[in-house]
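J.: sequence unknown, structure follows:
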């Protein structure tokens with residue numbers, strides 16, 4: 001069985017001059033940051049926290065793979081809860 005990754009989409013908000021990220025896979029996830037690295041740092045914290053709040057999360061020590069679709073680039077990450 002193929003591993004399912006959380007999909008996070010990010011877009012550049014030219015008016016606010018920030019990257020904005022959101023995901024249908026993680027209810028309540030919407031965050032922004034000045035650059036891609038800062039956005040990733042926020043996502044690494046927010047995703048496990050929101051999953052825990054929404055449905056009990058993946059469990060302590062679980063891997064949480066996510067794909068960040070940043071403009072025309074996809075970046076794959078794996079978190080340890």
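T.: Now that the structure is in, tell me what you want to look at. Treat the numbers as computed from the prediction; the structure is a model and nothing was measured.
J.: Flag every buried residue along the helix or strand of the chain with the lowest mean pLDDT.
T.: Counting by mean pLDDT, DSSP states H and E, the chain has its least confident helix or strand at strand 73-80, which shows a mean of 76. Within strand 73-80, the residues scored as buried using 16 or more other CB atoms under 10 Å are 77, 79. To be clear about C-beta, it is placed using only N, CA and C from the backbone, and glycine gets the same treatment.
J.: What is it packed up against?
T.: helix 36-55, strand 63-70 (3 or more CB pairs under 8 Å, 6 or more residues apart in numbering; DSSP states H and E).
J.: Just the angle for the last one relative to helix 36-55, thanks.
T.: The one in question is strand 63-70. Orientation check (axes from the mean of the first three to the mean of the last three CA atoms, to 10 degrees): strand 63-70 against helix 36-55 gives 130 degrees.
J.: What residues of strand 63-70 count as buried?
T.: For strand 63-70, by 16+ other CB under 10 Å, it's 64, 66-68, 70.
J.: which residues touch that strand?
T.: Outside strand 63-70, the residues that touch it by CB atoms under 8 Å, 6 or more residues apart in numbering are 3-10, 19, 21, 23, 36, 39-40, 43, 47-48, 51, 58, 74-81.
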